[in-house]
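>>> Here's a sequence, model it:
(4 chains)
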2 protein chains.
Amino acid sequence: MTKAGKTVLIVDDEAPIREMIAVALEMAGYECIEAASAQEAHSHIVDHKPDMVLLDWMLPGTSGVEFARRLKRDDLTAEMPIIMLTAKGEEDNKVQGLEAGADDYITKPFSPRELVARLKAVLRRATPQGIEEPIEVSGLMLDPVCHRVTSNSKPVEIGPTEYRLLQFFMTHQERAYSRAQLLDQVWGGNVYVEERTVDVHIRRLRKALGEAHEHLIQTVRGTGYRFSTKAS
Amino acid sequence: MTKAGKTVLIVDDEAPIREMIAVALEMAGYECIEAASAQEAHSHIVDHKPDMVLLDWMLPGTSGVEFARRLKRDDLTAEMPIIMLTAKGEEDNKVQGLEAGADDYITKPFSPRELVARLKAVLRRATPQGIEEPIEVSGLMLDPVCHRVTSNSKPVEIGPTEYRLLQFFMTHQERAYSRAQLLDQVWGGNVYVEERTVDVHIRRLRKALGEAHEHLIQTVRGTGYRFSTKAS
DNA sequence: CATAGTCGTCACGCAAGTGTCACATTCCTG
DNA sequence: CAGGAATGTGACACTTGCGTGACGACTATG
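Numbering: from 1, shown residues only, chains lettered A, B, ... in the order given. Below is the predicted model of the structure:
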């Protein structure tokens, strides 16, 4: 896999909770750094440049909200996504937290699955650079900004799922993916659908691309599919 | 089925529930072992080395959580994925269970479909496919990531079995293998096929490789075959 | 409430892949 | 140089995997 696991900074004053979260995230393939306070968190941010921050609402000294505000004010860290952790029953804090600049919030207790899912979602949303640029392959163009696909300058009508599928393929060319991997990457891990469903969407995508480009999506028999410009 | 099914250990004190789960999993192609208690589970783990554990929250004697903790503490079993089964409405258990090291949770009642799907997901994550580098031998290249074979940069069309055969040969060069060994390594152990079948696939592989590279697969008369760059 | 669009699932059929056989060919041995 | 054993080779029936159209559930939209 080309993407080295993203780094997540966990800020919480309770060590067991930090540990618990760290274990869950590491199992999902993330790197974890832990911090018990805002000060500690800040120095870690400078040192390790994490890709995002998991921030507990309650912190000794500087509170989580305040810390989030500070991060968002600083240009260096303004782009860094933040997920806030709040205890149950402090629902009202949601508004305050989001106002402070948090990208999402999770109320304890939460399942590891939920945590990882939302973390993934936030990270996906918060990686604008690179994905913004249109991708073009032999006359087939996908423009993420306009959310539009054109085949030889003619618009291609596809549903959201086919769009994500195509985007994934175009950003991961030449490599063969199993149906399970595609479900993970395109459908998003925590959703449960039949593997053969992938086939149907491949079919729809090929149909939409038309004769001009359907050959770019190749069947790897017994394995899965592949997006490639080279002939199979 | 050619693919060796993973083995799942089901730990639950209620026999009907175990049975139900086992049926669902076996239909999905998994091997099942059942245990009614932590003790029984432990001996099964030692004996059968299952690929993962389905663990009921409530167990007589040693509870499920406790058992999970024990498994995670032992180096031998720390890597083994655990899915916890919890009764409905005990959401708080999630946190406790995660602390114990469970990889996922399923709350009863659940559909077989969901069970299988999540099980698959957990197993997938727990089996990180190593970084596979392309192998190249005098113009013949096999790229496991792209699942593609090229002979002097020209694509080679081969079926799944020939692909596995070639991959095995290229990762085990210069050594002679008997037909029985090849059946074990490439076909996967417990399948019964005629030894002469290997000959046929060797033939198909040679044909696919073409004159440029068919000589790499050498016949060792009275023994089997060998993949070698040196002339025989 | 009606309509259109999308999604996941299923059932059917075709085509690729697989294992086995029969026969041809090669190789070794006496 | 015969004869048998081991391997090469083409053909065949059977199995498996994938393409494909259809359908019901769901959602958003007017």
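>>> When you work out contacts or count neighbours from here on, use the C-alpha atoms and nothing else.
Will do.
>>> SS state for the closest residue to residue A:192 other than its chain neighbours?
Using Cα to Cα, 6 or more residues apart in numbering or on different chains and skipping residues adjacent in sequence, the residue nearest residue A:192 is residue B:117, 5.8 Å away. The local conformation at residue B:117, judged by DSSP: H, G, I helix; E, B strand; the rest coil, is helix.
>>> For my notes, confirm residue A:85 occurs in a strand.
Yes: according to three-state DSSP, residue A:85 belongs to a strand.
>>> And the strands in chain A, which stretches?
A:7-11, A:31-35, A:52-56, A:82-86, A:104-107, A:135-137, A:140-143, A:148-151, A:154-155, A:176-178, A:217-220, A:224-227 (DSSP state E).
>>> quick one: the last one near DNA strand D?
Looking back up the chat, that one is strand A:224-227. Yes: judged by Cα under 7 Å from any atom of the strand, strand A:224-227 and DNA strand D are in contact via residue A:224.
>>> what separates that strand from the chain centre, distance-wise?
Chain-centre distance of strand A:224-227: 21 Å, with Cα atoms, centre = their mean, to the nearest Å.
>>> and what of the first one?
Distance, stretch centre to chain centre, for strand A:7-11: 15 Å (Cα atoms, centre = their mean).
>>> partner strands of it, parallel or antiparallel?
When sheet partners are counted by DSSP bridges, strand A:7-11 sits next to strand A:31-35 (parallel), strand A:52-56 (parallel).
>>> related to what we said a few turns ago, can you tell me which of the strands of chain A the model trusts least?
Sorting the strands of chain A by mean pLDDT places strand A:104-107 lowest, at a mean of 73.
>>> That strand: partners in the sheet, and parallel or antiparallel?
strand A:82-86 (parallel).
>>> Which residues does the partner strand contact?
A:52-58, A:64, A:68, A:93, A:97, A:101-108, A:119 (Cα atoms under 8 Å, 6 or more residues apart in numbering or on different chains).
>>> likewise stretch A:161-178?
Against stretch A:161-178 from outside (Cα under 8 Å, 6+ apart): A:135, A:137, A:142, A:185-187, A:201-202, A:204-205, A:220, A:223-229, B:145-147.
>>> does it come close to DNA strand C?
Yes: using Cα under 7 Å from any atom of the strand, stretch A:161-178 reaches DNA strand C at A:161-162.
>>> That stretch near DNA strand D anywhere?
No: using Cα under 7 Å from any atom of the strand, stretch A:161-178 stays clear of DNA strand D, coming no nearer than 8.6 Å.
>>> Can I get that stretch in CSV, CA atoms only?
Taking C-alpha atoms only, stretch A:161-178 is exported to CSV below (Å, rounded to 0.1, in the frame of the first residue of the first chain):
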residue,chain,number,x,y,z
THR,A,161,-21.2,5.0,-6.2
GLU,A,162,-20.0,4.7,-9.7
TYR,A,163,-18.3,8.0,-9.3
ARG,A,164,-16.5,7.0,-6.2
LEU,A,165,-15.5,3.7,-7.8
LEU,A,166,-14.1,5.4,-10.8
GLN,A,167,-12.3,8.0,-8.7
PHE,A,168,-10.7,5.2,-6.7
PHE,A,169,-9.7,3.4,-9.8
MET,A,170,-8.2,6.5,-11.4
THR,A,171,-6.2,7.3,-8.3
HIS,A,172,-5.0,3.7,-8.0
GLN,A,173,-4.3,2.6,-11.5
GLU,A,174,-2.6,-0.6,-12.7
ARG,A,175,-3.2,-2.4,-9.5
ALA,A,176,-5.6,-5.3,-9.0
TYR,A,177,-8.2,-5.1,-6.3
SER,A,178,-10.3,-7.9,-4.9
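>>> Quickly note the distance from the closest residue to chain B within chain A to residue A:227.
Distances between chain A and chain B by Cα to the nearest Cα are smallest at residue A:175, namely 4.1 Å. Going from residue A:175 to residue A:227 by Cα to Cα, to the nearest Å gives 7 Å.
>>> who's more crowded, these two?
residue A:227 (23 against 16; other Cα atoms under 10 Å in any protein chain shown).
>>> Report the beta-bridge partners for that one.
residue A:217.
>>> pretty sure it contacts residue A:218?
Yes: with contact defined as Cα atoms under 8 Å, residue A:227 counts as touching residue A:218 (6.1 Å).
>>> returning to what we had before: Throw the strands paired with strand A:7-11 into TSV and include distance to residue B:40 and mean neighbour count, thanks.
Output for the strands paired with strand A:7-11, formatted as TSV (distance: least, Cα to Cα, whole Å; neighbours: other Cα atoms under 10 Å in any protein chain shown):
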stretch	distance to residue B:40	mean neighbour count
strand A:31-35	36	20
strand A:52-56	40	25
